[in-house]
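A.B. asks: Here you go, sequence then predicted model.
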Amino acid sequence: MPDQTFDSPEQMAEILGESARLRYVLDTHHHIAPADVTAIRIDGDNRKIDIWAGERMVRFKARGTQHVLGTQPGGGMAMALDPALAQAIHELMVYAR
């Protein structure tokens, strides 16, 4: 599946509208509101989503159906048990087709 970058407000709203868990993690952990998102890149081959808010990028990568490797608020990446977010990432891969 090819990488796709979405930067139109309608497309980004549709993508973010698909997952309440993704919106929650962005808002609660990274203080990024849907209105702050400037681009979304979906990498279907690697099951990874990059969320851009200006110059800032937050990455989430599904590792199976239970775990997510994600950008931490203080920097760096860490693995987390988050089945809801992992499933949301798998479901969002349809946009990369």
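C.D. replies: Structure received. In this text, all values refer to a predicted model and were calculated from it rather than measured experimentally.

A.B. asks: secondary structure element for residue 68?
C.D. replies: Assessed by DSSP states H and E, residue 68 sits inside strand 67-71.

A.B. asks: Can I get that strand as PDB, trimmed to CA atoms?
C.D. replies: Extracted in PDB, the C-alpha atoms of strand 67-71 (Å, rounded to 0.1, in the frame of the first residue of the first chain):
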ATOM      1  CA  HIS A  67       0.400  -2.700  21.100                       C
ATOM      2  CA  VAL A  68       1.300   0.600  19.700                       C
ATOM      3  CA  LEU A  69       4.800   2.200  19.300                       C
ATOM      4  CA  GLY A  70       4.200   5.900  19.700                       C
ATOM      5  CA  THR A  71       5.800   9.300  20.200                       C
END
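
A.B. asks: going forward, begin numbering at 42 instead of 1
C.D. replies: Yep, numbering from 42; the last one is strand 108-112 now.

A.B. asks: which other residues reach it?
C.D. replies: Strand 108-112 is contacted by residues 66, 71, 98-104, 118-123, 126-127, 130 when judged by Cβ atoms under 8 Å, 6 or more residues apart in numbering. All C-beta spots, glycine's among them, are computed from the backbone N, C-alpha and C.

A.B. asks: Mind checking which of those residues are buried?
C.D. replies: Neighbour-count burial (16 or more other Cβ atoms under 10 Å) applied to the contacts of strand 108-112 gives 66, 71, 99, 101-103, 121, 123, 126-127, 130.

A.B. asks: okay, the nearest residue to residue 123 once chain neighbours are set aside: pLDDT?
C.D. replies: Of all residues not flanking residue 123 in the chain, residue 109 sits nearest, at 4.8 Å (Cβ to Cβ, 6 or more residues apart in numbering). Residue 109 is assigned a predicted lDDT (pLDDT) of 98.

A.B. asks: Tell me the spacing between residue 109 and residue 54.
C.D. replies: Residue 109 sits 22 Å away from residue 54, going by Cβ to Cβ, to the nearest Å.

A.B. asks: and these two? which has more neighbours close in?
C.D. replies: residue 109 (26 against 14; other Cβ atoms under 10 Å).

A.B. asks: all strands of the protein, in order?
C.D. replies: With strands called from DSSP state E, the chain shows them at 44-47, 80-84, 89-94, 97-104, 108-112, 118-122.
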